[in-house]
Every structure is written in structure tokens, then in C-alpha cells.
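Student: quick one, fold the following:
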Amino acid sequence: MKLHGLHHVTAITAHARDNHDFYTRNLGLRLVKKTVNQDDLSAYHLFYADGAGTPGTDLTFFDWPAAPERRGTRSVTRTGLRVGSTTSLEWWHDRLGSGDSVTERNGKPVLDFEDPEGQRLSLVVDDEPAAAVWEQSPVPAGHQIRGLGPLLLNVPTFEPTDRVFRQLLHLPNIGTYPMDGRDVHVYQIGSKPGVARELHLRVDPDMPAARQGAGGVHHLALRTTQADYQAWAQHLAESGTPNSGPVDRHWFRSLYFREPNGILIEIATDEPGFTIDEPLERLGETLSLPPFLEPMRREIEAGLKPPA
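Tutor: Purely as a prediction, here's the structure:
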């Protein structure tokens, strides 16, 4: 029973059209799935990823008419996106017109920036090869974003979240580094090291709690396999952790729970993947619905506004 990396990050946008333009045209990601929030059928759920929709490359968005996020603790405060070299960071600095300069964090060169709604992002140098280049991306293949990692979380108290990470999820604490006068604790997801498989935990007891909204993260998801999925469901139940129980999202299977400081965590399977209902070359081109929502397609489409 293992976790082996980040699966996806789901955030919130109040402007789906502008969101689509920024993540596909500016960042060069591929829209690999255009569907709806299965818990709110009036809202799009947009999945951006590498050329094949590889697990661990997905940055997804709920399209909600939400006020901007009030930044604070009990939240994911920055999402890392991996690129291949410091040369790529300099290329991205010029492309984004970022006011920030390339710096170093936990021994890795990084470039911090924000999307138009204030979603906090970082480009991080990582030598792990890209899983799938998108040939139609406006970003040259050598500079394309390779996937997620690491994620920075902010909590008011250390011990409860640390205990969940180490004892419930079996994520070892592999070190610390300083950030603005506070230590950031690094946890490794799975046996293979690398920023694609790291959660970074910062403790700030004086910061007010975040209020979820546009420009903020809704939840993070960790990767498992279909073979280990039922074992994780049983493990959460036997540990007494309040959780969603098994949820079938069609493209993957999920389990949801909140760690003690309130951050929503999902455990999601790699399988069956986005090509279960669309061919690879046509991913994201039309509204895709799981089979249990197909009978409602006409009503769902009537309630949606075009995202792009």
C-alpha cells in the first residue's frame, strides 16, 4: 500500500475563459479534460496537464463565481511546476514578465509568479524527464512544464499535520529549510526522491485562516494505484479518519479527508486515465461527462457558460 507522488492540484477560478487563455496560451499546458464538477453540475471542471494528461501533471480548476481568496494559513499557499533547467527559468522569466527574479529554495532554482487571479505558482528546476511533450503547445518542447511539485502548505500547528503525514500517509520528513524566518518541513511521497514527490509544510501560528476563493487552492491529490486503492480505503476507515469513502470519478478513483488543520487531501488512482472516453489526440475538445451524468447532458450543457 503506497503513495508515489502528486496526482493533481485543484484550484478555483471565477473567470474560466481568462483562466483557459493563461494556462494554455501563456503556460503552454494542454486542456486534457473539459468536464463538470460532479458535486456542482453548474460549474466546469477544467484539467490542464502535459501532452498526455499524465498523472502528476494535472492542474485543475473549478469554475465558480467566487470572491478572491483571502490568503492565510490552513491552506495550500503555493504550487510548484517543474521545468528542466535554469536556462528554462530565464526563458520563462522573459516570457512571463515576472517582477520576481530567479532565486533558490531548498537547494533548487525557482521563479515565483502568479496567474491573473493571484494563484501563487513557482517554476522549479528538476532534471526528471518530461513524461509527454505537447506538440501543439506555444511553448518550445525544451521549456515546457513537466508536471507538479513541490506543494507548499501553511498550517498554524505542526504536530497534528506532521502526525498525519508520517503515521497515516507514511510520508517521511526528510529535512527542513528556512523561509522568511520560519522552518519549512519537507515530506517525501513514495520511495523515489525528487521535487515531483514532495510536500513542504510551513507553520505560522500568527497568520489568520485563509478564506477559500478565486485564486486559491481547493485541494491536493496524492497518487496511488488501482491495486492499492481498496487498501487505502480500509486503512483510512480502520484508523478512524473521517473520510468520503470510495468515490468513482470515472477517470480515476478517489478518497477524500481533511488533515487536522483543515486542508482537504485526496488519494487518487492513476488508472483508468483520461483516454478511457476520448482518444489521445482529441482530449479536451468537447464536454466529457462520466456515464452516470450522460442522461443529464442536455440539462447540464444548458446550465453552463462557455469557458473558452
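
Student: all strands of the stretch 151-300 of the chain, in order?
Tutor: Using DSSP state E, counting those that start in this stretch, the strands found in the stretch 151-300 of the chain span residues 173-179, 182-188, 198-203, 217-224, 247-248, 252-258, 264-272.

Student: nearest to Ser85, of the ones you listed?
Tutor: Closest approach to Ser85 among the strands of the stretch 151-300 of the chain is made by strand 198-203 (19.1 Å; CB to CB). In short, each C-beta sits where N, CA and C put it, glycine included.

Student: in its sheet, what does that closest one sit against?
Tutor: strand 147-155 (parallel), strand 182-188 (antiparallel) (DSSP bridges).

Student: please tabulate the strands of the stretch 151-300 of the chain in CSV, including the columns mean neighbour count, distance to Arg120 and mean pLDDT.
Tutor: Output for the strands of the stretch 151-300 of the chain, formatted as CSV (neighbours: other CB atoms under 10 Å; distance: least, CB to CB, whole Å; pLDDT from 0 to 100):
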stretch, mean neighbour count, distance to Arg120, mean pLDDT
strand 173-179, 13, 13, 97
strand 182-188, 18, 15, 97
strand 198-203, 22, 13, 98
strand 217-224, 22, 9, 98
strand 247-248, 14, 28, 98
strand 252-258, 20, 21, 98
strand 264-272, 20, 18, 98
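
Student: what's the closest of those to Gly240?
Tutor: Gly240 lies closest, by CB to CB, to one member of the strands of the stretch 151-300 of the chain: strand 252-258, at 10.9 Å.

Student: any idea how far the closest one is from the chain center?
Tutor: Centroid separation between strand 252-258 and its chain, computed with CA atoms, centre = their mean, to the nearest Å, is 14 Å.

Student: can you name every helix or strand that it contacts?
Tutor: Counting contacts by 3 or more CB pairs under 8 Å, 6 or more residues apart in numbering; DSSP states H and E, strand 252-258 packs against helix 226-238, strand 247-248, strand 264-272.

Student: nearest to Gly273, out of the strands paired with strand 198-203?
Tutor: Nearest to Gly273, of all those, is strand 147-155, at 15.1 Å by CB to CB.

Student: okay, the closest one in PDB with CA atoms only?
Tutor: The C-alpha coordinates for strand 147-155 follow below in PDB (Å, rounded to 0.1, in the frame of the first residue of the first chain):
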ATOM      1  CA  GLY A 147       4.500  18.500 -14.000                       C
ATOM      2  CA  LEU A 148       3.700  19.300 -10.500                       C
ATOM      3  CA  GLY A 149       5.900  19.700  -7.500                       C
ATOM      4  CA  PRO A 150       6.500  20.600  -4.800                       C
ATOM      5  CA  LEU A 151       3.500  22.000  -2.900                       C
ATOM      6  CA  LEU A 152       3.800  24.500  -0.100                       C
ATOM      7  CA  LEU A 153       1.200  24.100   2.700                       C
ATOM      8  CA  ASN A 154       0.700  26.600   5.600                       C
ATOM      9  CA  VAL A 155      -0.700  25.500   9.000                       C
END
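
Student: now that strand against strand 217-224, angle please.
Tutor: 120 degrees (axes from the mean of the first three to the mean of the last three CA atoms, to 10 degrees).
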